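*Asks:* The following comprises the amino acid sequence and a computationally predicted model.
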Amino acid sequence: MGDERWAYASAHEPGSESVPKVRIVLADDERLIRAGLSLLLAAEPDLEVVGEAANGAECLAIVATTRPDVVVMDIRMPVMDGIEATTRLTSNEFHTDNGLPAVLILTTFSEDQNVTTAMRAGAAGFLLKNSAPQTLATAIRALAKGEGWLDPAITRSLLRHFSSRSSDGQTVPSADIAVLTAREREVLGAMAIGLKNAEIAGKLFLSETTVKTHVHRILLKLGLSDRSQAVAVAYRSGLVRSD
């Protein structure tokens, strides 16, 4: 999935049909919320809502037929909640030639437990429902390009969660990498020995797009800004050794 595919439609001539739109599924048990989000996103020329679901089970069925790029997911829903639905959506069951759909958690709750649980489930972004309307479109575009998105309020919550300090003031390593999946730890270990995305893809038998997604999620989950910080965490945690 090349980044150029997601160039904003506003950068092109008005009425141009040459730029594929970012395809979106909305999952929220409140009909008014879904209607409002759909109306908001309809005003964006490069975004398209291709389905709406009132619970996680409906979401899975709709994603299976529409194959969206991004799923905007509420956490608390009946029948199947957003956490379970996200876990399913980020599994091989929903993998296509373009990779997996990216899940943006849209919630009114910023508690550590909700966010960290959703991270472990595979969500790529988190946004509070009281955010500015334009922020939603920006977050969706970021996820469509394989990037992560974290609401500033949630960032502060995560920093508190992962800022356990030892007596010498250093971050406790186990608190850092515990949030990563087994595959993400493999990717982090490969990053730490200096492998580039294409090399990691070859080593782990993944597509380069999938590796890029893993790298973004690693940085997001660990609250890091770049690969060099991720490498430092890998060595501090003992995931890789310098000898």
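*Replies:* Yep, that arrived.
*Asks:* Can you get me a residue count around the spatially closest residue to A139 that is not a sequence neighbour?
*Replies:* Excluding its sequence neighbours, the residue lying closest to A139 (C-beta to C-beta, 6 or more residues apart in numbering) is W149, at 4.1 Å. Where you see a C-beta, it was placed from the backbone N, CA and C, and this is true even at glycine. W149: 23 surrounding residues under other C-beta atoms under 10 Å.
*Asks:* For W149, give the beta-bridge partners.
*Replies:* On the basis of DSSP bridges, W149 takes part in beta bridges with G125.
*Asks:* Verify the stated contact: it with A142.
*Replies:* Yes: W149 lies in contact with A142 (C-beta atoms under 8 Å); the separation is 4.8 Å.
*Asks:* what touches both of the two?
*Replies:* Residues touching both W149 and A142 (C-beta atoms under 8 Å, 6 or more residues apart in numbering) are G125.
*Asks:* what is the mean pLDDT for stretch 136-153?
*Replies:* Per-region confidence: stretch 136-153 scores 85 on mean pLDDT.
*Asks:* Stretch 61-76 too?
*Replies:* 95.
*Asks:* cool, and stretch 178-192?
*Replies:* 88.
*Asks:* Can you spell out the domain ranges of this protein, please?
*Replies:* 3-158, 166-236 (automatic domain parsing).
*Asks:* ok, now which ones touch the residue nearest to T108 when sequence neighbours are not counted?
*Replies:* Nearest in space to T108, with sequence neighbours left out and distances taken as C-beta to C-beta, 6+ apart, is K129 at 4.9 Å. Under the criterion of C-beta under 8 Å, 6+ apart, the neighbours of K129 are 33, 106-108.
*Asks:* Closest one of those to H216?
*Replies:* Nearest to H216 among those, counting by C-beta to C-beta, is L106 at 18.5 Å.
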